[in-house]
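Q: Sequence first, predicted model second:
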2 protein chains.
Amino acid sequence: MNVILPWHEFAAPSPQRDGNGQFVDSVLIRKLRNFGPLSEAEKQILSDLVVDTQFVPAREDIVHEGDLPTHSCVLLEGLACRYKMTSDGQRQILSFQFPGDISDLYSFVLKVMDHSIGALTDCELGIIPHAKLQDITANHPHLTRLLWRDTLADSSKFREWMVGIGRRSARARVAHLLCELLIRCKAIGLCEGYTYELPVTQSDLADCLGMSLVHINRILQGLRADGLITLANGTLTIQDWQRLSEVAGFDASYLHFGNRHLFA
Amino acid sequence: MNVILPWHEFAAPSPQRDGNGQFVDSVLIRKLRNFGPLSEAEKQILSDLVVDTQFVPAREDIVHEGDLPTHSCVLLEGLACRYKMTSDGQRQILSFQFPGDISDLYSFVLKVMDHSIGALTDCELGIIPHAKLQDITANHPHLTRLLWRDTLADSSKFREWMVGIGRRSARARVAHLLCELLIRCKAIGLCEGYTYELPVTQSDLADCLGMSLVHINRILQGLRADGLITLANGTLTIQDWQRLSEVAGFDASYLHFGNRHLFA
DNA sequence: CGTCTAATTGAAGCATCTCAACATGCGTGG
DNA sequence: CCACGCATGTTGAGATGCTTCAATTAGACG
């Protein structure tokens, strides 16, 4: 279980592209395919889910803790994050949201948002009315199961992050995050080789990993100095996957990408 | 949002009892009622879920990371925990499981266990074959939504714990956990006033809160010395809810107990 | 060319960890 | 009934990883 494997042993196959290099499927379909096969009819239903789009500029909230949304959002473009504030004003980032992630499917099931979702960069959102989701849960058990699975894969990431924050050293924690994000970017076709866009500030990373801004700066410098990564201008490259994943103690199974054959 | 309220503002109404003080409903029904109303037919389905029971002695695993279970378990009696081990052999406890908690509903949806579940005390489990759950998801959308909701309420707890481990001081973290457990025990009728059973070692608490055994010992002594709690022989009493929840910065909304009126 | 945000650096402080010893209670076998 | 082992809890002391404060640099933008 703890053997370090190259990323391609875990990553979902890269999404299909047409002759012009364009993706064949919408980002939502690309995402959910990781959790099970989709019939054409189901793809059609998914394509009809988004009734509208919305633009949210960087640093603004998409949904706020305590809201009772009447629609859910799928992130079409940009980078967002779930976060919570403590009573004394500190922020803890709970996860990063990439295109295809359904930012607040939770709110459909639980009604009340128990955390906020904020745009880290300019974001393009697809609006999904709860009524459409209600219809899916009433009439399409297989799709329902896929959506459920998506929320639970999310939940699995939370668990892994808890392990990181609770038990890993700062260096391992940073390394682990960078490994996870590579695999996730791969899975939605937003990663070339070992390079992907990571347009976040060090302050964002600090709030996400439960450490101070100053400290993450030094950890990053350490990783750079050791030739493990480069990170500049919002672009991250993993120079040495083998060593970085060793530092992280990274095992991608928690992302549940390697199990597509198990999903009926 | 940050106003401290007495626990009864949050806690679910105590479960119904008959003339002899016995609970009217099974622990599973008691649990799921917190997430929405149940028809008699649905109660019947839930009652038929458990086809067998199993005993697991303290300190043994109920399910292990990597397993592909063919049934799920509902905890009928005892205390269990979800946990993961890091590659260097440290344990992080991810959550505590009380009676009524469905220990591995995850495995039904995600197939592969990405974490282990261990018995902290002797445990009595109810076995629920995946086939029965499959039937529910195929034919009973409302029950499916309740189960989904249960898994997401779990997920909400993970998020809150992340905030704790990442951003709260050790003292606040301990206080927060003790507050959460009181509310949860209330909700299933396993709490008298401000007292409940907490048969865990300090080592368990340390692994759950991401700190060292020595440190949690000192924090507990601090809380005792300040007259906030007593903890001995596996019984915890919160002496001063007001101050303890202030120390914790506790806001129970993440438990999603106060929202039953929203659930159709 | 001044202003703003993000990144970087230094240095002091402290929260928490690690190591190590000791105390307590409990079950078990002699 | 005592001796012993074992798990748990407690305490002390030194080490350190990380934080905080404070100042500086670098880059982006009008």
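A: Ah, there it is.
Q: CA only for contacts and neighbour counts going forward, please
A: Will do.
Q: Mind checking the pLDDT average for stretch A:150-165?
A: The pLDDT scores in stretch A:150-165 average 96.
Q: how about it as CSV, C-alpha atoms only?
A: C-alpha atoms of stretch A:150-165 as CSV (Å, rounded to 0.1, in the frame of the first residue of the first chain):
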residue,chain,number,x,y,z
ASP,A,150,-18.6,12.4,-6.2
THR,A,151,-19.5,14.0,-2.9
LEU,A,152,-17.9,11.0,-1.1
ALA,A,153,-14.7,11.3,-3.1
ASP,A,154,-14.6,14.8,-1.9
SER,A,155,-15.1,13.6,1.6
SER,A,156,-12.2,11.2,1.2
LYS,A,157,-10.0,14.2,0.3
PHE,A,158,-11.0,15.9,3.5
ARG,A,159,-9.9,12.8,5.5
GLU,A,160,-6.6,12.7,3.8
TRP,A,161,-6.0,16.4,4.4
MET,A,162,-6.8,15.8,8.1
VAL,A,163,-4.1,13.2,8.2
GLY,A,164,-1.8,15.7,6.6
ILE,A,165,-2.6,18.6,9.0
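Q: Roughly how far does the residue of chain A found nearest DNA strand D sit from A:Arg218?
A: Going by C-alpha to the nearest atom of the strand, DNA strand D is nearest to A:Met211 of chain A, at 3.0 Å. Here the criterion is C-alpha to C-alpha, to the nearest Å. By it, A:Met211 lies 11 Å from A:Arg218.
Q: Just confirm yes or no for stretch A:48-66 near DNA strand D.
A: No: Stretch A:48-66 lies out of reach of DNA strand D by C-alpha under 7 Å from any atom of the strand, never closer than 13.1 Å.
Q: Please see if that stretch touches DNA strand C.
A: No: contact of stretch A:48-66 with DNA strand C (C-alpha under 7 Å from any atom of the strand) is absent, the minimum separation being 8.9 Å.
Q: From the contact counts, what lies against the top helix by length along chain A?
A: When chain A is parsed with DSSP state H, its longest helix is helix A:141-167. Secondary-structure packing of helix A:141-167 (3 or more C-alpha pairs under 8 Å, 6 or more residues apart in numbering or on different chains; DSSP states H and E): helix A:27-33, strand A:91-97, helix A:130-139, helix A:170-187, strand B:91-97, helix B:105-110, helix B:130-139, helix B:141-167.
Q: the inter-axis angle of that helix versus helix B:141-167?
A: 20 degrees (axes from the mean of the first three to the mean of the last three C-alpha atoms, to 10 degrees).
Q: Helix A:141-167 vs helix A:130-139, what angle?
A: Using the same axes, to 10 degrees, the inter-axis angle of helix A:141-167 relative to helix A:130-139 is 110 degrees.
Q: wait, does helix A:141-167 contact DNA strand C?
A: No: contact of helix A:141-167 with DNA strand C (C-alpha under 7 Å from any atom of the strand) is absent, the minimum separation being 8.2 Å.
Q: Enumerate every residue touching the residue positioned nearest the centre of chain A.
A: Nearest to the mean C-alpha position of chain A, counting by C-alpha atoms, centre = their mean, stands A:Gln97 at 4.1 Å. A:Gln97 makes contacts with A:Leu75, A:Leu79, A:Ala80, A:Cys81, A:Arg82, A:Ser103, as judged by C-alpha atoms under 8 Å, 6 or more residues apart in numbering or on different chains.
Q: For PyMOL, what selects the buried ones among those residues?
A: With 16 or more other C-alpha atoms under 10 Å in any protein chain shown as the criterion, this PyMOL line picks the buried residues out of these:
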select buried, chain A and resi 75+79+80+81+82+103
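Q: can you redo the contacts of A:Gln97 as JSON lines with pLDDT, secondary structure and distance to B:Ser39?
A: Output for the contacts of A:Gln97, formatted as JSON lines (pLDDT from 0 to 100; DSSP: H, G, I helix; E, B strand; the rest coil; distance: C-alpha to C-alpha, whole Å):
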{"residue": "A:Leu75", "pLDDT": "96", "secondary structure": "strand", "distance to B:Ser39": "37"}
{"residue": "A:Leu79", "pLDDT": "97", "secondary structure": "coil", "distance to B:Ser39": "42"}
{"residue": "A:Ala80", "pLDDT": "97", "secondary structure": "strand", "distance to B:Ser39": "40"}
{"residue": "A:Cys81", "pLDDT": "97", "secondary structure": "strand", "distance to B:Ser39": "38"}
{"residue": "A:Arg82", "pLDDT": "98", "secondary structure": "strand", "distance to B:Ser39": "35"}
{"residue": "A:Ser103", "pLDDT": "84", "secondary structure": "coil", "distance to B:Ser39": "32"}
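Q: Farthest-apart pair in the contacts of A:Gln97, please.
A: The span of the contacts of A:Gln97, defined through C-alpha to C-alpha, is set by A:Leu75 and A:Arg82 at 12.4 Å.
Q: Can you read off the pLDDT for the residue of chain A closest to DNA strand D?
A: On pLDDT, A:Met211 comes in at 97.
Q: Doesn't it belong to a strand?
A: No: judged by DSSP: H, G, I helix; E, B strand; the rest coil, A:Met211 forms no part of a strand; its state is coil.
Q: What about it, how many residues nearby?
A: Other residues lying near A:Met211 total 18 when counted by other C-alpha atoms under 10 Å in any protein chain shown.
Q: got it, and A:Val56?
A: 17.
Q: which stretch in the helices and strands packed on helix A:141-167 is the model least sure about?
A: Per-stretch mean pLDDT for the helices and strands packed on helix A:141-167 is lowest at helix A:27-33 (a mean of 89).
Q: wait, does that helix make contact with chain B?
A: No: using C-alpha under 8 Å from any C-alpha of the partner chain, we find that helix A:27-33 stays clear of chain B, coming within 13.2 Å at best.
Q: Check which residues of the following helix or strand past that helix are buried.
A: The C-terminal neighbour of helix A:27-33 among helices and strands, as given by DSSP states H and E, is helix A:40-47. Within helix A:40-47, the residues scored as buried using 16+ other C-alpha under 10 Å are A:Glu42, A:Lys43, A:Leu46.
Q: Which strands or helices does helix A:40-47 pack on?
A: helix A:27-33.
Q: if we look at the helix it packs on, which residues are touching it?
A: Taking C-alpha under 8 Å, 6+ apart as the rule, helix A:27-33 contacts A:15, A:43, A:46-47, A:74, A:76, A:99-101, A:146-147, A:150, A:187-188.
Q: try it again with 10 Å
A: Helix A:27-33 is contacted by residues A:12, A:14-16, A:23-25, A:38, A:42-44, A:46-47, A:49-50, A:74-77, A:98-102, A:126, A:143, A:146-147, A:149-150, A:184, A:187-189, A:257, A:260 when judged by C-alpha atoms under 10 Å, 6 or more residues apart in numbering or on different chains.
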